[in-house]
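Asker: Please find the sequence and the predicted model below.
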Protein chains: 2
Amino acid sequence: MVAAIDYFKENGFKTFTALGEPNRLAIVELLREGELTVGQIADKLEMRQPQASKHLRVLSDNGLVEVTADANRRIYKINPEPFLTLESWLKTFKQQTEERYDKLDDYLKKIKNKKD
Amino acid sequence: MVAAIDYFKENGFKTFTALGEPNRLAIVELLREGELTVGQIADKLEMRQPQASKHLRVLSDNGLVEVTADANRRIYKINPEPFLTLESWLKTFKQQTEERYDKLDDYLKKIKNKKD
DNA sequence: ATAAAATATTCTATTGCAGGAATATTCCCC
DNA sequence: GGGGAATATTCCTGCAATAGAATATTTTAT
């Protein structure tokens, strides 16, 4: 877990870059409901097949989705791992923020006591 | 909460875009430890002041950080809200994925029973 | 073997974004 | 009020990313 988060701090921007494009985020939203072929994705999002393929390539290169071949077709689905890592990162994030507020609290209490 | 997530599905890519740049993610990492001025950020990350300002502008425009003026200086700190929204999104995400796996489980059990 | 379907890749043009250097703005101090 | 800090903004340039169109590749069906 910790190692994954350390890695994320260095390389996590790639995850964000991949998700930082409207069509790709839409693809991810779509794949949450289940796996889909390229054609299905292109249809539902009203984009041309090559663009769908290219966006899926980016998502795949960055580990956000996985492909399995079914004859002619490529079935794409979410790879949960980077999302779990992201969630862990956010948790340590929140934790740290809370710690800081606690320290601030302590500090303010001290100040107040001095005044009393 | 739900409204925030719906909004996120449409506009969340902006959050990702803002974080999808190494220097900006580094700034966010830095600000987790406490608020900092522009100069301090530029120093610690070994970047020139204008670049620091520009990255902070992007982060600010997308609501990831907040500024307060202290005379000459601008003090930047994390705005927790978008991170909390992101965390909520990831939670519904995981939930949905698990539901799908449960359904798959049920399906596989059915298949197996038929074979028996 | 050929045709058609599904997908990936390439090429090209355009746009957007990041860095560098210079400049503007605001504030403090003497 | 003049100089120096701290920060923001502007302009320019170069590079990376995106869309579109065309083409290549693989697989199935006949």
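Answerer: Happy to help now that I have it.
Asker: and the residue most central in space within chain A, which of the three is it?
Answerer: In chain A, the residue lying closest to the centroid (C-alpha atoms, centre = their mean) is A:Phe83, at 4.6 Å. Following DSSP: H, G, I helix; E, B strand; the rest coil, A:Phe83 is assigned to helix.
Asker: Would you confirm that it contacts B:Thr92?
Answerer: No: counting by C-beta atoms under 8 Å, A:Phe83 stays clear of B:Thr92, with 11.3 Å between them. In this view, the C-beta of every residue, glycine as well, is placed from N, C-alpha and C.
Asker: wait, what's in contact with the residue nearest to the centre of chain A?
Answerer: A:64, B:90, B:93-94 (C-beta atoms under 8 Å, 6 or more residues apart in numbering or on different chains).
Asker: now swap in A:Tyr76 and tell me
Answerer: Applying C-beta under 8 Å, 6+ apart to A:Tyr76 gives the contacts A:31, A:35-38, A:41, A:56, A:59-60, A:65-67.
Asker: pLDDT score for A:Ser53?
Answerer: A:Ser53 carries a pLDDT score of 97 in this model.
Asker: do the same with A:Gly34
Answerer: pLDDT at A:Gly34 comes out at 92.
Asker: can you count the residues close to it?
Answerer: When neighbours are defined as other C-beta atoms under 10 Å in any protein chain shown, A:Gly34 has 14 of them.
Asker: surely it meets B:Thr97?
Answerer: No: using C-beta under 8 Å, A:Gly34 makes no contact with B:Thr97, being 9.9 Å away.
Asker: Below-threshold pLDDT in chain A: ranges please.
Answerer: Along chain A, segments meeting pLDDT under 70 span A:103-105, A:107-116.
Asker: repeat that for 50
Answerer: Residue ranges of chain A with pLDDT under 50: A:115-116.
Asker: residues from it in reach of DNA strand C?
Answerer: Within chain A, the positions lying close to DNA strand C (C-beta under 7 Å from any atom of the strand) are A:37-40, A:42, A:49-50, A:52-54, A:56-57, A:67, A:72-74.
Asker: Can you sort out which of those residues also neighbour DNA strand D?
Answerer: Of the residues in the residues of chain A next to DNA strand C, proximity to DNA strand D by C-beta under 7 Å from any atom of the strand holds for A:50, A:54, A:72.
Asker: so who does the last one touch?
Answerer: Shown here is A:Asn72, which makes no contacts under the criterion C-beta under 8 Å, 6+ apart.
Asker: Run through the residues of chain A sitting next to DNA strand D.
Answerer: Counting by C-beta under 7 Å from any atom of the strand, the positions of chain A adjacent to DNA strand D are A:17, A:21, A:23, A:47-48, A:50-51, A:54-55, A:58, A:69, A:71-72.
Asker: Which residue is it, in chain A, that comes closest to DNA strand D?
Answerer: Proximity of chain A to DNA strand D (C-beta to the nearest atom of the strand) peaks at A:Ala71, 3.3 Å away.
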